[in-house]
Structures are given as C-alpha cells and as structure tokens.
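Asker: With the input below, show me the fold.
(one chain, ligands or ions: 1)
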Amino acid sequence: MALIELEDVRRDFTIRTRAGRLRREKRVVHAVDGLSFTVGAGECVGYIGPNGAGKSTTIKMLTGILVPTAGRLRVAGVEPARERVGLARRIGVVFGQRTTLWWDLPLRDSYELARRIYRIPPDRYRANLARCVELLDLGALLDTPVRQLSLGQRMRGDLAAALLHDPQVLYLDEPTIGLDVVSKARVREFLREVNRAEGTTVLLTTHDLTDIEQLCGRVMVIDHGRVVYDGSLDGLHTAGRSERTLVVDLAEPRPAIAVPGARVVRVDGPRQWLAFPAEQSAAPLVAAVAERYPLVDLSVREPAIEDVIARMYAEVAIG
Ligand SMILES: Nc1ncnc2c1ncn2[C@@H]1O[C@H](COP(=O)(O)OP(=O)(O)OP(=O)(O)O)[C@@H](O)[C@H]1O
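Answerer: From the prediction side, this is the model:
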C-alpha cells in the first residue's frame with residue numbers, strides 16, 4: 001500500500017527583486033517541478049540531492065505547511081494541506097537544525113505537552129516513553145532543561161518527541177547533522193529499530209551517505225525539483241561510478257604506492273589517498289596495503305553526495 005503519493009507535483013515561489021531604483025521585477029522559482037513518486041508503508045527511503053534541489057519544499061508539502069501549486073499529493077490517503085491537523089497525529093517530523101522541544105522546560109514536560117496535544121492514551125504514552133527512554137538512553141536527562149542538553153542529547157530528545165504518538169510516517173531532515181560518531185551511531189540504530197519493529201515509514205533527508213547506507217534500502221535523488229534517480233544506493237554508486245577513498249598513513253614518506261583495485265590520487269608525506277569503487281568492500285584493499293607496506297593508521301571516506309550526483313550526470317551525458 002502506498003502511504004505517500006505524489007503525481008506531477010509542482011510548487012512555485014514568486015520572488016520580487018529590485019531592478020534599478022524604482023522598478024521591481026518578479027521572478028518565479030520552480031522549487032519542485034513535476035515531482036512524482038510513491039513510498040509504500042514500512043519503507044525507509046533516503047531523499048537526497050544538492051542544496052536548493054527542493055527537498056525541504058517537498059517535506060513541507062507532505063506535512064501540509066505548504067500547498068502545492070499544481071499536481072496531486074496524498075499522505076495516508078489524505079491531502080496534507082487540507083487536513084493538516086488530522087494528519088499531524090499520523091506523522092512525526094524531526095529537523096536536525098531546529099528543535100520542537102520547549103527550550104526552558106525539562107524534556108519530561110515537552111513530552112507531557114505532546115501527550116496532551118496528540119491526546120495519547122495513558123497506557124500508550126507510558127509504554128512509548130519507556131521504550132524511547134530505554135533505546136535512546138534518556139533516563140538521566142528527563143529532568144534536564146532542553147537548553148542544557150548537548151546537540152546529540154537534544155536530537156535523541158527530539159526523536160522521542162516525534163514518536164510518542166505512534167506516527168505512521170516519520171520525516172527526518174538531517175537528523176545526524178553536527179553529531180559526533182557515537183551519537184550518529186546511536187541515532188541510526190534507534191531509527192533502524194523503529195522502522196523494523198514498528199513498521200514506521202521513514203523519509204530521510206541527509207547529506208551524509210552513511211545515514212543512507214545504514215538505514216535505507218531505497219534512495220531517491222532529487223535535483224531541480226524532480227526525481228533523477230530512484231533505486232538502491234549501490235545502483236547510485238554504479239550509475240555515478242562513484243569512488244570511496246582509503247586514507248593511509250604509512251610508517252614513512254614514499255612515492256605513490258601500487259595496490260591492485262585502487263589508484264593513488266594524492267600523496268602528502270607519509271599520507272596517501274587511494275580511490276576505489278564505492279560499491280566494493282574496503283577490506284581486501286586494506287589487507288593488500290598492510291601486507292606490502294608498514295601502516296600506522298587508516299580511514300575510509302565516503303564520497304560526497306554532490307560528487308556522486310555530478311558524476312551521475314557526467315555518465316548520462318557521455319553515455
Ligand atoms: N519561501 C521561499 N521563497 C522563495 N524561494 C524559496 C522558498 N523556499 C525555497 N525556495 C527556493 O526553492 C528552491 C528549493 O529550495 P529547498 O529549500 O526546497 O531546497 P533543499 O533541497 O531543501 O536545499 P538544502 O539542501 O539547501 O536544504 C531553492 O531555489 C530555494 O531558493
């Protein structure tokens with residue numbers, strides 16, 4: 001069953017700019033332009049694209065904050081902008097760069113407010129809060145005012161707030177932005193569990209490909225307001241012939257090393273950067289380097305989403 005349905009959706013913005021001292025000019029921006037896709041119940045879909053591609057505009061239309069200029073849009077069978085209040089009970093939203101929690105109140109009070117606003121039955125509320133507190137390790141934080149929480153703690157608090165009313169759909173906008181490695185891992189683990197155990201449909205906007213890799217079976221790339229790729233992450237890497245980078249610190253400076261399956265793209269003293277196809281495992285490459293050269297340290301870098309998309313276009317243009 002499709003829970004989210006968009007058919008040829010468009011959203012324009014009219015921008016007025018000053019042209020000369022007195023004259024003003026109108027310009028229309030097609031933020032979303034002929035967007036069509038469906039998301040089935042229980043799917044976890046990555047929704048990615050470069051800055052200004054139209055991701056936030058899509059999410060705002062899906063929550064009913066913005067009305068489409070044209071086209072057909074349904075979430076759980078209803079038109080979001082027309083039934084915004086009713087739909088609010090069925091969706092959860094988390095913005096990495098903004099909080100929905102009350103800044104001066106302890107976390108517990110924000111949750112209590114959510115209980116009242118969404119009229120969550122007491123049993124359900126108790127069970128959901130207990131589950132979130134356990135999975136997100138919030139026990140020691142419940143009585144702390146939100147302004148005293150670290151970014152990672154606040155994000156965990158926001159995730160719980162978005163899920164207390166058992167939403168069918170969860171929209172996440174950059175949920176791991178600015179978090180350290182440990183906090184990112186915890187947030188991802190929690191989201192995986194929510195999607196798996198509750199069957200919550202997740203639409204995830206991110207600039208971090210590792211979020212997608214660890215959470216989403218499907219990824220949609222949007223650019224200039226329309227879908228330019230819809231498939232698996234591996235497929236996207238293949239389509240863009242994208243590369244990951246193994247960064248190795250050798251025991252001493254050397255000229256570019258030779259390892260099968262990778263090419264050295266940069267050398268700086270004992271540090272070398274080796275590019276290899278993103279869909280391949282780094283393990284054999286690490287083993288091959290370690291076997292031939294004394295190694296001090298290493299790390300693997302994911303390609304930037306912008307690079308993958310740029311390469312995808314280059315492929316289309318060549319092919
Ligand atoms: N309220 C607005 N008024 C005018 N133009 C807007 C408005 N909101 C968005 N736009 C324009 O619409 C286009 C799409 O913006 P949107 O915020 O949806 O992109 P995005 O993919 O979310 O980008 P980012 O990754 O930077 O958040 C951009 O050109 C943006 O400038």
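Asker: quick one: Arg292 and Arg254 touch, right?
Answerer: No: no contact is recorded between Arg292 and Arg254 when judged using Cβ atoms under 8 Å, the distance being 10.6 Å. C-beta here means a position set from N, CA and C on the backbone, and glycine is covered the same way.
Asker: Count the residues that sit near Thr57.
Answerer: Burial of Thr57, expressed as a neighbour count using other Cβ atoms under 10 Å, amounts to 23.
Asker: Name the nearest residue to it, ignoring sequence neighbours.
Answerer: Residue nearest to Thr57 in three dimensions, not counting chain neighbours: Ala31, with 4.2 Å by Cβ to Cβ, 6 or more residues apart in numbering.
Asker: neighbouring contacts of the helix ranked longest in the chain?
Answerer: Determined from DSSP state H, the single longest helix within the chain is helix 181-198. Contacts of helix 181-198 from elsewhere in the structure, counted by Cβ atoms under 8 Å, 6 or more residues apart in numbering, are 42, 44, 135-137, 151-152, 155-156, 159, 163, 166, 170, 172, 175-176, 179, 200-202, 204, 208, 210-211, 214-215.
Asker: buried ones in that helix?
Answerer: Residues of helix 181-198 classed as buried: Ser183, Lys184, Arg186, Val187, Arg188, Phe190, Leu191, Val194, Asn195, Glu198 (neighbour count, 16 or more other Cβ atoms under 10 Å).
Asker: Arg21 and Val78: what is the separation?
Answerer: Computed as Cβ to Cβ, to the nearest Å, the Arg21 to Val78 distance reads 48 Å.
Asker: just Ala287 next, same as before
Answerer: Taking Cβ to Cβ, one finds Ala287 at 54 Å from Val78.
Asker: Same drill for the two, tell me which one is more crowded.
Answerer: The neighbour comparison of Ala287 against Val78 (other Cβ under 10 Å) goes to Val78, with 15 against 11.
Asker: looking at it, the more buried one is touching Leu87, isn't it?
Answerer: Yes: counting by Cβ under 8 Å, Val78 sits close enough to Leu87 to count as a contact (5.9 Å).
Asker: just to revisit the earlier point, I'd like the buried residues of helix 181-198 laid out as TSV, including distance to Thr63 and pLDDT.
Answerer: Putting the buried residues of helix 181-198 into TSV (distance: Cβ to Cβ, whole Å; pLDDT from 0 to 100) gives the following:
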residue	distance to Thr63	pLDDT
Ser183	25	87
Lys184	25	90
Arg186	26	89
Val187	21	90
Arg188	23	92
Phe190	21	92
Leu191	18	93
Val194	18	91
Asn195	19	93
Glu198	19	88
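Asker: got the residues you listed as JSON lines, with distance to the ligand columns?
Answerer: Formatted as JSON lines, the entries for the buried residues of helix 181-198 read as follows, by distance: Cβ to the nearest ligand atom, whole Å:
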{"residue": "Ser183", "distance to the ligand": "21"}
{"residue": "Lys184", "distance to the ligand": "19"}
{"residue": "Arg186", "distance to the ligand": "24"}
{"residue": "Val187", "distance to the ligand": "19"}
{"residue": "Arg188", "distance to the ligand": "20"}
{"residue": "Phe190", "distance to the ligand": "23"}
{"residue": "Leu191", "distance to the ligand": "20"}
{"residue": "Val194", "distance to the ligand": "23"}
{"residue": "Asn195", "distance to the ligand": "22"}
{"residue": "Glu198", "distance to the ligand": "27"}
